[in-house]
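S.K.: Below are the sequence and a predicted model for it; my questions follow.
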Amino acid sequence: MLINHADVPQLQADLSTLLFAELNLSGVASLSGPHLGLPSLAQAYGHVKRSIRLLHGLKRNKCVVQESALRMYAVLFQHQSAEELDAFFEAMVGSLVAHDAKRNTQLAHTLLAYLDHMQNARATAKYLQIHVNTLHNRLESIANLLGPWSVDGRAVEIHLALRLLQLKTGLH
């Protein structure tokens, strides 16, 4: 949807309720942010189309997402199919996700939080409401599963994979 609405988050919530709760439809919707008239409509339309393709590639259903939240990922992964995205997840964080599923742990969430907090152990521990030593133990477990994840730009790729996985599965 191309919109020019001041309160996009409220519109997102209202539209989600209408489409999926009240009308029981399935599908995905991407909302553009406010745009500045006709010249920007074509660009906004392109952004929304790219974000819809990404949502389909992530196999999402019944969601309304702000296009701006997906823009970077939609541009980076615009030519990847759902299978190629799954292969990317598997290559980057597959062992971590499998470990979490098998052992009912939250190592993927821990690593995402650590990367989101610019690898600041104290800030991450506070956010996760755990002791910093517990965080260091988890990071050691993560390193055992992923290998040297913080070298050669690999942390950026892993951060992208975890962020996309969060968009795909609602990783907590």
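M.R.: Right, received. Where do you want to start?

S.K.: residue ranges for the strands of the chain, please.
M.R.: Using DSSP state E, the strands of the chain run over 28-31, 63-66.

S.K.: Counting by contacts, list what the last one packs against.
M.R.: Applying 3 or more CB pairs under 8 Å, 6 or more residues apart in numbering; DSSP states H and E, one finds that strand 63-66 contacts helix 8-16, strand 28-31, helix 41-57. Backbone N, C-alpha and C define where each C-beta goes, glycine included.

S.K.: Not including adjacent chain positions, what is the nearest residue to residue 20?
M.R.: residue 62 (4.6 Å; CB to CB, 6 or more residues apart in numbering).

S.K.: in this structure, which spans are helices?
M.R.: In the chain, the segments counted as helices under DSSP state H are 8-16, 41-57, 67-76, 82-103, 107-116, 121-128, 132-146, 154-169.

S.K.: Check those helices for me and report the most buried one.
M.R.: Per residue and on average, the most neighbours among the helices of the chain fall to helix 107-116, with a mean of 21 (mean count of other CB atoms under 10 Å).

S.K.: Quick one: low-confidence residue ranges for this protein.
M.R.: Low-confidence segments of the chain, defined by pLDDT under 70: 1-2, 4-6, 170-172.

S.K.: so how far is residue 49 from the residue lying farthest from the centre of the chain?
M.R.: The C-alpha centroid of the chain is most remote from residue 38, which lies 30.4 Å away (CA atoms, centre = their mean). From residue 38 across to residue 49, the span is 18 Å (CB to CB, to the nearest Å).
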